[in-house]
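>>> prediction below, plus the sequence it came from.
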Amino acid sequence: MRRPSDPSRAVRGLLVVAVALAGMLVVPPAAPATAAAPTALPVRVAAVNDWSCRPTAARPTPVVVVHGTFGDGATLLRRLRGSLLAAGYCVFSIDYGRRATAPIEGSAAELRDVVDRVLAATGARKVSLVGHSQGGMMPRYYLRFLGGAAKVDDLVGLAPSNHGTRTPLLLAPGLSVLCPACRQQAAGSAFLQRLNAGDETPGPVSYTTVVTRLDEVVVPYTSGFLDGATNVVVQQKCRVHLPGHLLLPSDGVAVRVVLHALARRGPASPTYRPSCLP
């Protein structure tokens with residue numbers, strides 16, 4: 001593991017966040033209009049945040065997708081959301097905490113309110129949560145301190161900041177002022193000490209983490225692991241897969257581990273061997 005002061009690590013981290021912020025500002029071009037055939041019948045297409053969606057016997061648990069710091073409900077998560085929809089889940093996506101920069105306690109309260117709304121709308125008993133980066137860690141505050149453990153079946157974290165990060169980027173004083181959640185995600189912060197004290201995987205929730213050895217933001221990558229969870233390193237499943245922090249939610253191996261974890265009782269099986277296709 002490199003020391004936190006390694007300048008090349010910091011530069012890569014800056015590039016990662018710059019790319020992320022740039023991606024948020026890009027507006028995709030409008031698709032060309034096409035005329036439907038006069039006799040065509042309207043086709044219902046599964047969509048995220050469809051409040052009329054009803055879980056099926058095969059997929060009884062709705063899924064709430066939770067973005068990370070500086071993100072939103074769409075950026076970086078399109079493949080993940082689309083794969084969940086294609087698998088037959090009712091899928092919901094949350095935007096929270098001023099792009100997840102606000103204090104994490106408040107963001108967890110926002111998640112609580114969204115989960116309650118999803119349960120009321122769908123009639124489901126529980127939801128599952130799939131989160132990237134802070135979105136994989138923040139729900140644990142909801143589970144532990146806001147009563148969420150009784151309402152959540154699975155929590156799957158992709159590169160979650162469960163034990164914080166030692167990358168200098170998120171610890172810069174100026175950024176910490178603008179992003180209280182960044183300061184809270186520093187390794188050893190008072191927030192993380194409270195969150196991780198005692199049982200790291202409380203309640204009847206099934207916990208799975210998926211991490212990448214090439215993570216430039218959550219450093220070291222092993223800080224995403226949880227005691228009591230199934231902890232998956234994508235390179236241990238497929239050595240040729242090289243996603244970094246931002247691309248992990250779009251990595252085929254990671255997405256297949258998510259689908260596997262959600263489709264079974266308990267967390268992902270440690271022996272599960274996903275396809276290594278992109």
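Done, it's in. Numbers count the residues shown, from 1 in each chain.
>>> give me the nearest residue to the residue nearest the centre of the chain, chain neighbours excluded.
Centroid-nearest residue in the chain, with Cα atoms, centre = their mean: Gly131, separated by 1.6 Å. For Gly131, ignoring the flanking residues on the chain, the nearest one in space by Cβ to Cβ, 6 or more residues apart in numbering is Val66 at 3.6 Å. No exception for glycine: its C-beta is placed from N, CA and C like everyone else's.
>>> likewise for Pro160?
Gly136 (2.8 Å).
>>> how far off centre is the helix or strand harbouring the one you found?
Secondary structure assignment for Gly136, by DSSP states H and E: helix 134-145. In terms of Cα atoms, centre = their mean, to the nearest Å, the centre of helix 134-145 is found 11 Å from the chain centre.
>>> pull the residues that contact that helix.
Contact with helix 134-145 is made by 65-69, 71, 100, 104-105, 107-109, 111-112, 115, 129, 131, 148-149, 152, 155-162, 181, 185, 195, 200, 202-203, 205, 209, 224, as judged by Cβ atoms under 8 Å, 6 or more residues apart in numbering.
>>> which ones are touching the nearest residue to Gly97 once chain neighbours are set aside?
Spatial nearest neighbour of Gly97, chain neighbours left out: Ser107 (3.6 Å); criterion: Cβ to Cβ, 6+ apart. Residues near Ser107 by Cβ under 8 Å, 6+ apart: 96-97, 100, 134, 138, 181.
>>> just Tyr272 next, same as before
Counting by Cβ under 8 Å, 6+ apart, Tyr272 touches 257, 260.
>>> by mean pLDDT, point me to the weakest helix or strand of the protein.
In the chain, the helix or strand scored least confidently by mean pLDDT, DSSP states H and E is helix 7-25, which has a mean of 40.
>>> what about the residue nearest to Gly131, distance to Arg140?
According to Cβ to Cβ, to the nearest Å, Val66 stands 11 Å off from Arg140.
>>> so Tyr207: helix, strand or coil?
strand (DSSP: H, G, I helix; E, B strand; the rest coil).
>>> excluding its backbone neighbours, what's nearest it?
Nearest non-adjacent residue to Tyr207 (Cβ to Cβ, 6+ apart): Ala229, at 3.7 Å.
>>> surely that neighbour meets Thr201?
Yes. Between Ala229 and Thr201 there is a contact at 5.5 Å, judged by Cβ atoms under 8 Å.
>>> mutual contacts of the two, please.
Both Ala229 and Thr201 are in contact with Tyr207, where contact means Cβ under 8 Å, 6+ apart.
>>> more neighbours, those two?
Legend: neighbour count by other Cβ atoms under 10 Å for Ala229 and Thr201, higher for Ala229 (22 against 17).
>>> mind listing the helices for the stretch 1-150 of the chain?
7-25, 78-86, 97-100, 104-122, 134-145 (DSSP state H, counting those that start in this stretch).
>>> so which residues make contact with the helix or strand just after the last one?
I take that to be helix 134-145. The element immediately downstream of helix 134-145 (helix or strand, assigned by DSSP H and E) is strand 152-158. The contact list for strand 152-158 (Cβ under 8 Å, 6+ apart) reads 61, 80, 115, 126-133, 135-137, 139-140, 143, 203, 205-211, 224, 226, 248-249, 254, 257-258, 261-262, 267-268.
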